[in-house]
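In: Coordinates for the following, if possible.
(chains A, B and C)
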Amino acid sequence: MNYWLMKSEPAVYSIADLERDKVTGWDGVRNYQARNIIRDQMRVGDLALFYHSNAAPPGVAGLMRVVREAYPDATAWDPASDHYDVRSTPDKPVWLQVDLEYVCAFRTFVALPAIKNDPDLGGIMVARRGARLSVQPVSPAHFSHICRLGGCQ
DNA sequence: GCCAACGTTGGC
DNA sequence: GCCAACGTTGGC
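Out: Below you'll find the model as predicted:
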């Protein structure tokens, strides 16, 4: 079982939207490093922290689970989509997505400044080098600590 | 809105 | 393949 942190701007799609939808296709990833993680490493049953980026403050808002492994992201060949990419076609898809299901919304939002100041979360990627990557690995120890801070399982 | 970090593009 | 220019992310 692997653990991840996945970013979304809450103004676009938030943990409350996922709670309503129950399952969502995590489309729109347009970074090769993030795509390769989705393609090569994300497996059904993996858990992911739902991170609110571009928020005030940013931070972890809840928990979700992978329920479908990598498959083509159809928004890439939709000219009407904000994520349209002329290089990707149904025959040769460039961009991939997974499906994620809602697990819980944190009772306590775990804000980025608290993450940075927590000695138990030293070295976590979201606070350091590679912070911009929209799909990141999280160590089991860091993952369980953030879940405990958030008040979710 | 600013800007640092960093990924991508394209000329050579 | 180098690297300067440019675009994007995302914290602040």
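In: any bit of stretch A:9-24 sitting next to DNA strand B?
Out: No - figure legend: stretch A:9-24 not in contact with DNA strand B (Cβ under 7 Å from any atom of the strand); closest approach 11.9 Å. Every C-beta, even on glycine, is put in place using the N, C-alpha and C of the backbone.
In: now that stretch, how far from the chain's geometric center?
Out: Here stretch A:9-24 shows a centroid-to-chain-centroid distance of 11 Å under the convention Cα atoms, centre = their mean, to the nearest Å.
In: model confidence over that stretch, on average?
Out: Stretch A:9-24 carries an average pLDDT of 96.
In: Okay, buried residues for that stretch please.
Out: Across stretch A:9-24, burial judged by 16 or more other Cβ atoms under 10 Å covers A:Pro10, A:Tyr13, A:Ser14, A:Ile15, A:Leu18, A:Thr24.
In: cool, and stretch A:135-153?
Out: Here stretch A:135-153 shows A:Val135, A:Gln136, A:Val138, A:His142, A:Phe143, A:His145, A:Ile146, A:Cys147, A:Leu149, A:Gly150, A:Cys152 as buried, counting by 16+ other Cβ under 10 Å.
In: I appreciate the help and will end here.
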